[in-house]
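*Asks:* what's the 3D shape of this:
(chains A and B)
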Number of protein chains: 2
Amino acid sequence: MTVMSYDVNRRRVIAVAAELFARNGYHGTGIAELGRAAGLGRGALYHYIGSKEAVLYAISKDQVDSMNAAAEEVLDSGLPADELLREMARVLVRNISDHRSEWAVFFREYQALTGERRDAVVAARERYEGYWRQALDQGVRSGVLRPTPRLLVKGMLGMLNYTYLWFTPDGDLSPEELADLFLDALIDGIRR
Amino acid sequence: MTVMSYDVNRRRVIAVAAELFARNGYHGTGIAELGRAAGLGRGALYHYIGSKEAVLYAISKDQVDSMNAAAEEVLDSGLPADELLREMARVLVRNISDHRSEWAVFFREYQALTGERRDAVVAARERYEGYWRQALDQGVRSGVLRPTPRLLVKGMLGMLNYTYLWFTPDGDLSPEELADLFLDALIDGIRR
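*Replies:* Predicted structure coming up:
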């Protein structure tokens, strides 16, 4: 084993785990299998990640945290509300497209998290939805958007999140173009 | 074991399997565990379902087939295009809400299907997307809707399908009201 820092090794284990969990399921992947794939014995694996659930937590939390950080940045940008929603959508679809295994694991498996880990991921997700509501509210205050029911955010996120199941970035559209396509329809409607 | 017809027993095994797969994952559920939960020995289980993959296929295919049958019925109804889209959305969210385990298993696990089974499910899904495109095209022809990119159907289905992750029918809204809420936003847009 090459000498690497704790963080580098830990990140590597998490990336290997995301691939395995995405392919064989969280429940279908054993800790021994994860060790073999990462080239680490049980003791070293434990040192870097603690438990299988801790890896699932790291995979899930990392993605949601990075979306929260991105949303905060976009919300601070001073963009008008419609452009702000588009930008948040672009960043999300780009991130999903760049981290398909991680997002697949998160959407499929986060229910397997327990206790404080589950609470932390749910809280981070709620914070993310809150940022989308902020963007919508800001649009209503500035007169760009009409008021819409709170639950619409779940529909907008469904539109975008669902891309983890089907979108491949080697097609005709970039993730950003796909996000724009969806937001165009939603912002202006599909009625003639 | 009570005397029951082949079909009744088979449907029961599939329902039990959907619960187990939804809770512990397809890869995380053993055939022996499925037999125990269904109260059947290995031979009887084999008689009714053949293999674990055959059960995953049945769970997935049943849901998609029933959505295709419903879509065909709605498309034949003569409703105007906007109402037709709403009705297709209502039927889908209702079905997801009534069969949450089955849909969770389908969305999370259908990639585990192989060969002809996978092809059949993918073809049935494509047929379903085709019905949504038909509804949109019909709306354009009749002057109700504006032309939109083909990929928008994936976004619309994402909005609706994603409900399997969060919607509980014991809240304030019925599945049909939720579908209407999403379709209202999409048809008329959220711009003031």
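*Asks:* per-domain residue ranges of chain A.
*Replies:* Taking automatic domain parsing as the reference, chain A has its domains at A:1-50, A:53-188.
*Asks:* for residue B:5, find the nearest of the ones you listed.
*Replies:* domain A:1-50 (32.7 Å; Cβ to Cβ). Quick note: C-beta positions are derived from backbone N, CA and C, even for glycine.
*Asks:* SS state for the spatially most central residue of chain A?
*Replies:* Nearest to the mean C-alpha position of chain A, by Cα atoms, centre = their mean, lies residue A:63 at 4.2 Å. Using DSSP: H, G, I helix; E, B strand; the rest coil, the structure places residue A:63 in helix.
*Asks:* which pLDDT value belongs to it?
*Replies:* At residue A:63, the model reports a pLDDT of 95.
*Asks:* quick one: residues contacting it.
*Replies:* The contact partners of residue A:63, by Cβ atoms under 8 Å, 6 or more residues apart in numbering or on different chains, come to A:95, A:99, A:102-103, A:106.
*Asks:* can you tell me which of the domains of chain A the model trusts least?
*Replies:* Among those, domain A:1-50 carries the lowest mean pLDDT (a mean of 89).
*Asks:* and that domain, does that touch chain B?
*Replies:* Yes. Judged by Cβ under 8 Å from any Cβ of the partner chain, domain A:1-50 and chain B are in contact via A:24-29.
*Asks:* which ones among the residues you listed map onto helices?
*Replies:* residue A:24 (DSSP state H).
*Asks:* want to throw the residues of domain A:1-50 next to chain B into CSV with neighbour count and distance to residue A:47?
*Replies:* Shown next, in CSV, are these (neighbours: other Cβ atoms under 10 Å in any protein chain shown; distance: Cβ to Cβ, whole Å):
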residue, neighbour count, distance to residue A:47
A:24, 17, 24
A:25, 23, 25
A:26, 25, 21
A:27, 18, 24
A:28, 18, 24
A:29, 24, 19
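*Asks:* now render the domains of chain A as TSV, adding distance to residue B:113.
*Replies:* Output for the domains of chain A, formatted as TSV (distance: least, Cβ to Cβ, whole Å):
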stretch	distance to residue B:113
domain A:1-50	14
domain A:53-188	14
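*Asks:* deepest in the core, which of those is it.
*Replies:* Mean neighbour count, computed with mean count of other Cβ atoms under 10 Å in any protein chain shown, is highest for domain A:53-188 among those, reaching a mean of 18.
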